Structures are given as C-alpha cells and as structure tokens.
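Novice: Structure, please.
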Amino acid sequence: MAKKQTKGHPLWRFDRQQLRNAPYPALIGVDEAGRGCLAGPVVAAVAHIPADAYDHVGFKRASTAINDSKQLKAEQREAQFTLIEQWTADKLVAVAPGVASVEEIEVHNILGATRLAMQRALDALELTLLRADSVGSELLKCDNKVADYPRIMVDGKPLKPFPWAHEAVVGGDGKSLAIAMASIVAKVTRDRVMLQLHEEDPRFGYDQHKGYGTPRHLEALRAHGPTPHHRKVFLRKLDLPANVCEQRELF
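Specialist: So this is what the prediction gives:
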C-alpha cells in the first residue's frame, strides 16, 4: 500500500496549486512593508521559489512556520527571516529587497513609491539569479511560452504601470507561501531601518511603532515637530497643529 503523502500547510498548498495549473519554472512573491507609516521609507521584497523546491521534504516541513508577517510576533519574524537566509545560502530560494525613500514618496506618492520599491526588488532579484550557480536564471528568459516564465504574484491590487507581468492576489500574504516569505523579508528589513533611526534619534520611539501613527508617535510630533524622516504629505492629513505641519525647513 502506497504511503499517504502529507498535505502541507495552506500557503504551501496554494503555491503548489499554481504550479499544477501551469508548468511555471518558479513562483515569485512580491510584498511591501511600511506603506501606511508616517515616517521612514517603504520597503518591498521578492521571494523566488523554484518549482522543484516545493517537492523538497525539508523545505515543505520547515515552511509550515512561514505566515503573513502581520500575523507573526517580532521574534517569530526574525526566526523565519533567519530560516529564509539559510534557504538562500543553500540556494533553495532567492530573495531581494527594494527601497523607496521618503523623498521619493513625496515625489511619486505612496503608490508610485511602492511600485518603485517593488520594481527595484525584482531588478535586484534578476541580478541575483544571473549570478547564481544553481538557483537558475528563469527570470531572464524571454520566450512567449508560459513554461519559460516564473509566475510573479503581487500582494494586493494590480500594479499599473509596471514593467513586469504579474498577477495580483488580494490578501496574498496570507494565502501564498512565496508572498508570505516576501512579506517577512520586507518587514524585517524595514524594521531594522527604523531601529537604526531610533538609535540616531530616540525621541519618536521608532523602536516601538516603526513609524506608524500611534498615540506616542503623534505626541512626539506635537512636542518636537517633524524630522527629515517624516512624510510631509502624510502629516498634512493629520489633525496636528498647523505650526507642526508647517516646519518645512526641517525636511
């Protein structure tokens, strides 16, 4: 009697179904962190998982801990980030971050800056795969056959305009293993940026809220005014004293 195969957890099953629907050589998940913050950059990340990795028993078993980064505590995200780094070192997967600065958020608005960060992450992934010894360079193929392209899945709505063909998956960070991995890389990468900003200026408590509009952050803005790391266009939408929002010379 054949041994019954384990089903895998829901995120793994979602990705595996995509591979059953079409012979993609790999899946690429794309997600961002920090889009709704008052301060700091927006950070995107991509996670490239070759199709054969989903048949790797150790990967399948260990990936059960991967989840939408918002559902994980900070220490859990760090643990999963370390696991992803190990998979990357073993060339089982490939990941890459992309960043759009506060200045770019002001110029392009948050949606445009998010697209820019995601494009940079995919561009960085392309270079990573080009240099890789065994992960492969499927992303670089230019034929018209579905089998020649990885499937790029972006959390949320479709990105327009965007130079990479992709599929939008609403709530994808809670559905797809590849997108969830990207969400962890984006969140941990951005959190580390905000911790560094906290070291430079602890008045705003970035180590606690990572730039989101918490009561403590708003109170610090009222007390100290904005810094070059704050998003001016976001502050104008808040119920803050006019003298706070008009301190443009600080930017």
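Novice: Now do stretch 227-242: distance to the chain's middle.
Specialist: For stretch 227-242, the separation from the chain centroid amounts to 25 Å (computed by C-alpha atoms, centre = their mean, to the nearest Å).
Novice: Mind listing what's buried along it?
Specialist: Applying a neighbour-count criterion of 16 or more other C-beta atoms under 10 Å, one finds 227, 229-232, 234-235, 240 buried in stretch 227-242. Where C-beta positions appear, they are placed from N, C-alpha and C, glycine not excepted.
Novice: can you check stretch 46-57 too?
Specialist: Buried-residue list, stretch 46-57, by 16+ other C-beta under 10 Å: 46-51, 53-54, 56.
Novice: where do the strands sit along the stretch 51-200 of the chain?
Specialist: 94-100, 151-155, 167-169 (DSSP state E, counting those that start in this stretch).
Novice: can you redo these as a markdown table with mean neighbour count and distance to residue 209?
Specialist: Shown next, in a markdown table, are the strands of the stretch 51-200 of the chain (neighbours: other C-beta atoms under 10 Å; distance: least, C-beta to C-beta, whole Å):
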| stretch | mean neighbour count | distance to residue 209 |
| --- | --- | --- |
| strand 94-100 | 23 | 19 |
| strand 151-155 | 24 | 22 |
| strand 167-169 | 16 | 28 |
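Novice: Mean pLDDT for those - can I get that in TSV?
Specialist: Formatted as TSV, the strands of the stretch 51-200 of the chain follow (pLDDT from 0 to 100):
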stretch	mean pLDDT
strand 94-100	97
strand 151-155	96
strand 167-169	96
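Novice: coming back round to it: out of the buried residues of stretch 46-57, which one has the weakest pLDDT?
Specialist: Ranked by pLDDT, these bottom out at residue 56, which scores 89.
Novice: That one: what's it in contact with?
Specialist: residue 92 (C-beta atoms under 8 Å, 6 or more residues apart in numbering).
Novice: Same list (the strands of the stretch 51-200 of the chain) but as a markdown table, adding distance to residue 214.
Specialist: Converted to a markdown table, the strands of the stretch 51-200 of the chain look like this (distance: least, C-beta to C-beta, whole Å):
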| stretch | distance to residue 214 |
| --- | --- |
| strand 94-100 | 23 |
| strand 151-155 | 24 |
| strand 167-169 | 29 |
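Novice: and residue 198, which of the ones you listed is closest to it?
Specialist: strand 94-100 (17.6 Å; C-beta to C-beta).
Novice: what sits up against stretch 111-120?
Specialist: By C-beta under 8 Å, 6+ apart, stretch 111-120 touches 30, 32, 35, 41-44, 46, 98-101, 104-105, 107-108, 154, 159, 161-164.
Novice: residues of that stretch that come out buried?
Specialist: For stretch 111-120, by 16+ other C-beta under 10 Å, it's 113-120.
Novice: now, which of these lie within helices?
Specialist: Judged by DSSP state H, helices contain the following of the buried residues of stretch 111-120: 113-120.
Novice: what's the closest of those residues to residue 81?
Specialist: For those, the nearest to residue 81 is residue 117 (18.0 Å; C-beta to C-beta).
Novice: Excluding covalently adjacent residues, which one is nearest to residue 94?
Specialist: Counting by C-beta to C-beta, 6 or more residues apart in numbering, residue 94 lies nearest to residue 48, which is 4.3 Å off, once chain neighbours are set aside.
Novice: which stretches of this structure form helices?
Specialist: Counting by DSSP H, residue ranges of the helices within the chain are 10-21, 57-62, 74-89, 102-131, 177-200, 206-209, 215-224, 232-235, 242-245.
Novice: can I get these in a markdown table with distance to residue 168 and mean pLDDT?
Specialist: Output for the helices of the chain, formatted as a markdown table (distance: least, C-beta to C-beta, whole Å; pLDDT from 0 to 100):
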| stretch | distance to residue 168 | mean pLDDT |
| --- | --- | --- |
| helix 10-21 | 14 | 94 |
| helix 57-62 | 26 | 89 |
| helix 74-89 | 23 | 94 |
| helix 102-131 | 12 | 93 |
| helix 177-200 | 11 | 97 |
| helix 206-209 | 29 | 96 |
| helix 215-224 | 31 | 94 |
| helix 232-235 | 24 | 91 |
| helix 242-245 | 34 | 51 |
